[in-house]
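S.K.: Sequence and predicted structure, then a few things I'm wondering about:
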Amino acid sequence: MEEHKKNTFRKVCSFLKDIWFPVLILGPVVFACLFGELIATHSPTQGQLSEYLIPPAWCEGGSMEHLLGTDGLGRDIFSRLVTGARTTMMVGIAVVLVAGSIGTLVGVLAGYMGGAVDSLLMRLTDAVLSIPYTLIAMCLSVILGQSSGTVVFVLGITCWSNYAKVVRVETMSLKQQEFVTLAKLAGASRIRILCRHILPNLLNTIIVMATLQLGMAIILSSSLSFLGLGATPPTPEWGLMMSEGRDYMTSGAWWLTTIPGIALFLTVLSVNILGNVLRVKLDPKRMVAM
């Protein structure tokens with residue numbers, strides 16, 4: 001019993017050591033998502049032209065009133081950054097939920113049903129994989145209109161194929177297991193087997209896939225906003241903030257694009273590191289290999 005507690009303690013310490021960087025970065029980001037309006041020092045959408053392009057506080061001409069400076073409309077960058085964290089993260093999470101749900105459904109049906117259903121769904125998946133989804137997302141965003149909801153819809157229906165491929169392989173392996181065979185002998189229906197026996201055993205794989213896909217979803221949604229196809233002004237969104245600041249780069253206002261760019265880079269890096277850690281910790285085969 002004592003040895004079991006020591007082993008558990010070692011595993012927890014090892015896990016915490018591996019995720020210290022993601023926690024360090026994602027902790028403040030999550031806090032900003034939840035309480036951005038409370039910690040914002042100014043209105044994120046309204047500014048004063050008299051406070052036009054004030055540099056960050058540590059630069060010459062900066063002010064502690066605007067810690068990260070102001071933009072071309074006199075809006076506080078810090079306030080837009082912390083409130084924009086919610087928009088950026090929520091769009092990424094929504095994309096993962098939509099794409100993950102579609103991909104999981106397709107993968108489970110293809111892997112469990114097999115035969116013609118498997119062939120049809122996998123050809124559909126291959127077709128989606130062969131399409132440059134960034135280009136398709138741009139085209140559909142232009143057709144459907146510029147909004148965060150459009151970004152979620154467009155990326156959700158174009159980024160599910162990777163989920164389908166992985167889930168299909170896992171499902172084909174699980175349906176050969178004894179507990180599934182026993183459930184069939186007991187007279188369980190296909191829906192019951194999928195919901196009670198297959199899907200719960202796919203949870204670890206889906207979590208890892210979702211975590212790894214979240215970084216890509218954030219990058220893609222911010223890219224569309226940067227190109228003017230995502231969030232609409234004056235919504236504080238990191239990709240949109242970078243787009244609005246690029247016109248001022250030649251005048252030396254580097255902070256307008258650099259600060260949200262750094263926030264985006266660190267967030268995506270942290271999400272990817274967390275996804276890799278979870279892939280190791282939740283995969284028994286990799287654990288054995290290590």
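M.R.: Perfect, thanks for sending it.
S.K.: Can you tell me the centre-most residue of this structure?
M.R.: The centroid of the chain falls nearest to residue 214 when counting by C-alpha atoms, centre = their mean (2.1 Å).
S.K.: Sticking with that one, tell me its helix or strand.
M.R.: For residue 214, the host element (DSSP states H and E) is helix 199-226.
S.K.: Contacts only, for the residue nearest to the centre of the chain.
M.R.: By C-beta atoms under 8 Å, 6 or more residues apart in numbering, the contact set of residue 214 is 92, 93, 96, 271, 275. For every residue, glycine as well, the C-beta is placed using N, CA and C.
S.K.: Now with 6 Å, please.
M.R.: Neighbouring residues of residue 214 by C-beta atoms under 6 Å, 6 or more residues apart in numbering: 92, 96, 271.
S.K.: any low-confidence regions in the stretch 1-150 of the chain?
M.R.: 1-13, 15, 133 (pLDDT under 70).
S.K.: average model confidence for the helix holding residue 214?
M.R.: Across helix 199-226, pLDDT averages out at 88.
S.K.: From the rest of the structure, what touches whatever helix or strand comes next after it?
M.R.: Counting by DSSP H and E, the next helix or strand C-terminal to helix 199-226 is helix 238-245. Here helix 238-245 makes contact (C-beta under 6 Å, 6+ apart) with 84, 88, 222, 225, 226, 231, 256, 257, 260, 261, 263, 264.
S.K.: quick one: which of those is nearest to residue 70?
M.R.: Of all those, residue 256 has the smallest distance to residue 70: 9.1 Å, by C-beta to C-beta.
S.K.: which residue sits closest to that closest one, ignoring its sequence neighbours?
M.R.: The shortest distance from residue 256 to any non-neighbouring residue, by C-beta to C-beta, 6 or more residues apart in numbering, is to residue 245 (2.6 Å).
S.K.: Could you check how many residues crowd around the one you found?
M.R.: 21 (other C-beta atoms under 10 Å).
S.K.: Let me know the pLDDT of it.
M.R.: Residue 245 is given a pLDDT of 89.
S.K.: what number of residues lie near residue 199?
M.R.: As a burial measure, residue 199 scores 16 neighbours (other C-beta under 10 Å).
S.K.: And residue 231, by the same measure?
M.R.: By the measure other C-beta under 10 Å, the count of residues near residue 231 is 29.
S.K.: before we move on, the earlier item: take the contacts of residue 214 and write them to CSV, including distance to residue 134.
M.R.: As requested, the contacts of residue 214 are exported to CSV (distance: C-beta to C-beta, whole Å):
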residue, distance to residue 134
92, 15
96, 17
271, 19
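S.K.: How about the backbone phi and psi for residue 70?
M.R.: Per-residue torsions, residue 70: phi -130, psi 170 (degrees, to the nearest 10).
S.K.: Same check on residue 63?
M.R.: Torsion angles, degrees, to the nearest 10, at residue 63: phi -140, psi 140.
S.K.: and the gap between it and residue 116?
M.R.: Using C-beta to C-beta, to the nearest Å, residue 63 is found at 68 Å from residue 116.
S.K.: cool, residue 249 as well?
M.R.: For residue 249, the distance to residue 116 (C-beta to C-beta) stands at 56 Å.
S.K.: Compare the two and say which is more crowded by neighbours.
M.R.: Between residue 249 and residue 116, residue 249 has the larger neighbour count (other C-beta under 10 Å), namely 12 against 8.
S.K.: residues contacting the more buried one?
M.R.: Contacts of residue 249 (C-beta under 6 Å, 6+ apart): none.
S.K.: So for it, what pLDDT did the model give?
M.R.: At residue 249, pLDDT is 83.
S.K.: Check residue 178 too.
M.R.: We note a pLDDT of 85 for residue 178 in this prediction.
S.K.: how many neighbours does it have?
M.R.: Around residue 178 there are 7 other residues, counting by other C-beta under 10 Å.
S.K.: One more: residue 114?
M.R.: Using other C-beta under 10 Å, residue 114 is surrounded by 14 other residues.
S.K.: List the residues that contact it.
M.R.: Per C-beta under 6 Å, 6+ apart, neighbours of residue 114: none.
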